[in-house]
Structure formats: structure tokens, C-alpha cells
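J.: predicted model, plus sequence, below.
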Amino acid sequence: MMDSNLSLGAIVVAAGSSTRMSGIDKTFNPILEKPMITYCLDTLESFTAITQIVLVVAKGSLTKGQDILKKKTYKKLTAVCSGGDRRQDSVRIGLTNINNCSYVLVHDGARPCLDISILNRGWDNVKLHGAVVAGVPVKDTIKVASLEGEVQQTPPRDSLWAAQTPQFFKYDLLYQAHQLYNDTFTDDAAMVEMMGHPVRMFLGSYNNLKITTIEDLSIAESWISKKFKVNS
């Protein structure tokens, strides 16, 4: 049965240390003369179902984040706060700043190539399943190896997905998961899985890359340039 309360909040997590970026704060690093974080904010702002956005940034970038809030460019951006030591700590902080939403999505601020089609698929699926994750089927053969590099297993490729964000959840479900577990998790879906709640994959995009190295910036810039050229 579909939930009649269709309010959706968004948490953008951008509180990482950018250790693989040679000291560059990737969150506010410019792509085509705009801070990287503004690209996903633009897309989230334009998505009708979203009623509020919370941006969680690194402590050293809080002033830059609050400057975005003060400019009032984003009418749905309701809070900018500093994150915690771990990604899940930052998400937990974001959850406490979301008000009266029955659903919530979590998106990495380091994924600027988010598009509306991904949001539409996630929104449609979470209303049916309660917990869904954007992802893409892997193209490469995956090897499970020991710490010494010895191959231990080659899992069937047709069952493997590379998880991305956004990840959508019923708000109460994700909030409960963050209250129950303090072990370190690499994404929010893993916490919900630990509760025993089923999590569904939905199709993200191979363009929806996460910026982790300086080389990734040029790839994202190329995609964004093509998007603007098409839409202009």
C-alpha cells in the first residue's frame, strides 16, 4: 500500500576530508566556474517532490556552506551544518535537521552529475519498497582477493551492482537504523540491511560518478559541459 504522505527531504553529505585530492576541498572546487556542490543542489532544488534540503559540510568549510544558504539561491535549502568524523555521523546530523518528512534521500555531494531521471526512478521505487539504492550493473569481472592479492573467488557478474547515491528511505526506517548501530558502515543501505529490512536496487547512471581524484574532475566537467550544451 502506497504511503499517502509524500513529503521528501534530501541530505547532501559533503563532509569528507578529500584525502585523495591533494589537499583540494572538492566540495567547493569550481567546475565550469561554479562550486561543485551547486550542481547536485541545482538538481535537487528542481525536483518537485523535495520539500527541504540539508547540506552537511566539513567543519573547515562551514562558512562557505553558510554563504550558500545566505544567498537564498536555493529556496529548499533549510540548513547547513558541519559533519562528524564518519560519513554516517554526518548523515545522522543531517537527519536531525530534517523536519516532518516521511521519506528522505541521502546523496553524496561529490556526485555532481545527478540528473532528474535518477531522482524520478528512486522516488517511484521508494514509495513501493521503503529502501532503495541507485546503482549500475558492473561491467568488469570482479575478483575477491586476500590481503596478499591471491584470488579467492570470482562472483558471477550478472548479480553484481556498483552502489551509488542517491539512496532513498522511509525517514523513520533510516532514523531507526542510525540509532541502533554505531559500527562503521560505508553507506546507509548497509545499516538498513543489518536491520533485516529488504533493500532494492534501482538504475542509476554510469555518468553519476563520485569525484575522488583530480582526474575525476575533468570527466565530470566534460559531462556537465555536454549537458548544458544540449539544454541550451
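T.: Received it, and whenever you're ready, just let me know what you need. Numbering: from 1, shown residues only.

J.: need the strands for the chain, in chain order.
T.: According to DSSP state E, the chain carries its strands in the segments 8-14, 30-31, 34-35, 50-57, 77-82, 103-108, 131-137, 144-145, 151-153, 161-170, 200-203.

J.: from the contact counts, what lies against the second one?
T.: Taking 3 or more C-beta pairs under 8 Å, 6 or more residues apart in numbering; DSSP states H and E as contact, the helices and strands that strand 30-31 lies on are helix 214-231. To be clear about C-beta, it is placed using only N, CA and C from the backbone, and glycine gets the same treatment.

J.: about what we covered before: in TSV: the strands of the chain, plus mean neighbour count.
T.: Below are those laid out as TSV (neighbours: other C-beta atoms under 10 Å):
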stretch	mean neighbour count
strand 8-14	27
strand 30-31	16
strand 34-35	16
strand 50-57	24
strand 77-82	19
strand 103-108	26
strand 131-137	22
strand 144-145	10
strand 151-153	8
strand 161-170	23
strand 200-203	17
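
J.: tell me how far the residue lying closest to residue 170 once chain neighbours are set aside lies from residue 53.
T.: Leaving aside its chain neighbours, residue 170 sits nearest to residue 130 (4.8 Å; criterion: C-beta to C-beta, 6 or more residues apart in numbering). Distance, residue 130 to residue 53, using C-beta to C-beta, to the nearest Å: 21 Å.

J.: same question for residue 211.
T.: Distance, residue 211 to residue 53, using C-beta to C-beta: 19 Å.

J.: how about low-confidence regions in the chain?
T.: For the chain, the stretches flagged by pLDDT under 70 are 1-4, 17-24, 228-232.

J.: can you tell me the centre-most residue of this protein?
T.: What sits nearest the mean C-alpha location of the chain, by C-alpha atoms, centre = their mean, is residue 107, with 1.7 Å.

J.: what sits against that one?
T.: Counting by C-beta atoms under 8 Å, 6 or more residues apart in numbering, residue 107 touches 10, 11, 12, 13, 40, 44, 114, 165, 166, 167.

J.: excluding its backbone neighbours, what's nearest residue 45?
T.: residue 74 (5.0 Å).

J.: what's around that neighbour, how many residues?
T.: Applying other C-beta atoms under 10 Å, we find 16 other residues in the vicinity of residue 74.

J.: could you measure from it over to residue 114?
T.: Per C-beta to C-beta, residue 74 is found 14 Å from residue 114.

J.: equivalent analysis for residue 143, please.
T.: Using C-beta to C-beta, residue 143 is found at 30 Å from residue 114.

J.: kindly report the same for residue 139.
T.: 21 Å.

J.: looking at the two, which is more packed in?
T.: A side-by-side neighbour count of residue 139 and residue 114, using other C-beta under 10 Å, places residue 114 first with 27 against 9.

J.: residue contacts, that one?
T.: For residue 114, the contact set (C-beta under 8 Å, 6+ apart) comprises 39, 40, 43, 44, 107, 166, 208.

J.: buried residues in stretch 115-135?
T.: Across stretch 115-135, burial judged by 16 or more other C-beta atoms under 10 Å covers 118-119, 121-123, 125-127, 129-135.

J.: to clarify, my last question referred to stretch 206-226.
T.: Buried residues in stretch 206-226, counted by 16+ other C-beta under 10 Å: 207, 208, 209, 210, 211, 216, 217, 220, 223, 224.
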